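Asks: Give me the fold of what follows.
(one chain, ligands or ions: 1)
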Amino acid sequence: MLVDGKWTDNWQPVQKADEKGRFIRQVSGFRNWITPDGSAGPTGEGGFAAEAGRYRLYVALICPWASRALIVRKLKGLENVIPVTVVNPTLTDQGWAFGDYPGADDDPLFGARHMHEIYTRAEPAFTGRATVPVLWDMQRNVMVNNESADIIRMLDTAFEGIVPSDLRLYPADLAPRIDSLNARIYEDLNNGVYRAGFATSQAAYDEAVEGVFAMLDELEGRLTGDYLLGDRLTETDVRTFVTLIRFDAAYHGVFKTNRRQIADYPRLSAYMERILRLPGIAKTVNMDHITRGYYSIKSLNPNGIRPTGPAHIEALLASLT
Ligand SMILES: N[C@@H](CCC(=O)N[C@@H](CS)C(=O)NCC(=O)O)C(=O)O
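Replies: All right, here's what the predicted structure looks like:
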């Protein structure tokens, strides 16, 4: 991680843990919002008006948080408005690196070799982890935001004047239900799998895994319509999908969340496939990056051996092309 703008040698792929061995995720530090007219959003400062070609999204295709931003960009038709740069799938001893893996890119803005250089461009004395996604302002040369929950929300509305869309992922009438379900799904499922995977005590693992499967059971029971909140796709579905699509191929193995697979849940499987088949979504799912990335986390899988399956995920992805 960066400490006062310097990459530290004692960087560990395992993130912070509390006194009981529970994994703690860093809080994101850049929280400005793009808005239609550049007025300030709910957090941070103003000055970030929606404009085509002004902003760039840095992502890792392994990363569920980055993927949710990528998916919303696609769903809102913003591919030609917000260009994307993809890092390599494996974390190096200098964090995320640009460009020599198939499907990854060089950094087109600064020729940076590592993502942490983008952070120190934004803030020379930055202290913290150099995470993805990052939304970068190419006009002012500053980081707009590095919190995917904010990024998906601003992409839902900020660019309406440039690319009109009928889709509302956070409609006002559903907002309270979206917020409360998001919070629970984040805690128990999206981040729950990470808490299981990076637990450093049996008790912390047991607690996390309990939450993961209680939430999957609950979602299976809830899914009576097409989507979690009824017949409209919302951001809650996007946030759930990114974890489901990684589950059987990565989390079940490397994070040890192996009580069941998504394939054991008929409604969740159909729901995951329904979202995967929405126009453009399959292109945001790169299973090679996902499995390569997760199975190369040295603290969890020292020899980096990547399992060959699972066959049902391969078959599902093959059926899309
Ligand atoms: N709160 C952030 C979390 C992002 C995050 O944790 N990204 C991971 C990849 S999945 C990362 O970049 N980790 C690099 C590191 O921790 O050094 C968000 O949702 O945008």
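Asks: care to break the protein down by domain?
Replies: What automatic domain parsing lists as the domains of the chain is 1-167, 172-318.
Asks: Could you list the contact residues of the stretch 101-250 of the chain toward the ligand?
Replies: Applying C-beta under 6 Å from any ligand atom, we find that the stretch 101-250 of the chain lies next to the ligand at 129, 131-133, 147-149. No exception for glycine: its C-beta is placed from N, CA and C like everyone else's.
Asks: and the domains of the chain, which one is worst for confidence?
Replies: Comparing mean pLDDT across these, the weakest is domain 1-167, with a mean of 93.
Asks: Which residue, neighbours along the chain excluded, lies closest to the most centrally placed residue in the chain?
Replies: In the chain, the residue lying closest to the centroid (C-alpha atoms, centre = their mean) is residue 65, at 1.3 Å. Closest residue to residue 65 apart from its sequence neighbours, by C-beta to C-beta, 6 or more residues apart in numbering: residue 148 at 4.1 Å.
Asks: Run a quick neighbour tally on that neighbour.
Replies: Using other C-beta atoms under 10 Å, the number of residues around residue 148 comes to 26.
Asks: Can you give me every residue that contacts it?
Replies: With contact set as C-beta atoms under 8 Å, 6 or more residues apart in numbering, residue 148 has these partners: 65-66, 68-69, 133.
Asks: so which pair among those is furthest apart in space?
Replies: 68 and 133 (8.4 Å; C-beta to C-beta).
Asks: May I see the buried residues of stretch 252-269?
Replies: 252-257, 260-263, 265, 268-269 (16 or more other C-beta atoms under 10 Å).
Asks: Redo those residues as CSV? Include secondary structure.
Replies: What follows is the buried residues of stretch 252-269, written out as CSV (DSSP: H, G, I helix; E, B strand; the rest coil):
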residue, secondary structure
252, helix
253, helix
254, helix
255, coil
256, coil
257, coil
260, coil
261, coil
262, helix
263, helix
265, coil
268, helix
269, helix
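Asks: Check the offset of stretch 105-114 from the chain's centre.
Replies: Chain-centre distance of stretch 105-114: 20 Å, with C-alpha atoms, centre = their mean, to the nearest Å.
Asks: List the contacts of that stretch.
Replies: Stretch 105-114 is contacted from outside by 7, 56, 85-87, 92, 94-99, 117-118, 121, 130, 136, 138, using C-beta under 8 Å, 6+ apart.
Asks: Backbone dihedrals for the closest residue to the ligand within the stretch 151-300 of the chain, please?
Replies: Residue nearest to the ligand within the stretch 151-300 of the chain: residue 151 (7.1 Å; C-beta to the nearest ligand atom). Main-chain torsions, residue 151, degrees, to the nearest 10: phi -60, psi -40.
Asks: Could you find the closest non-adjacent residue to it?
Replies: residue 69 (4.6 Å).
Asks: How about the secondary structure of that neighbour?
Replies: Here residue 69 is helix, with the state taken from three-state DSSP.
Asks: list the contacts for it?
Replies: Counting by C-beta under 8 Å, 6+ apart, residue 69 makes contact with 57, 59, 133, 135, 148, 151-152, 155.
Asks: Quick check: of the buried residues of stretch 252-269, which lies closest to residue 299?
Replies: Nearest to residue 299 among the buried residues of stretch 252-269: residue 254, at 10.4 Å, using C-beta to C-beta.
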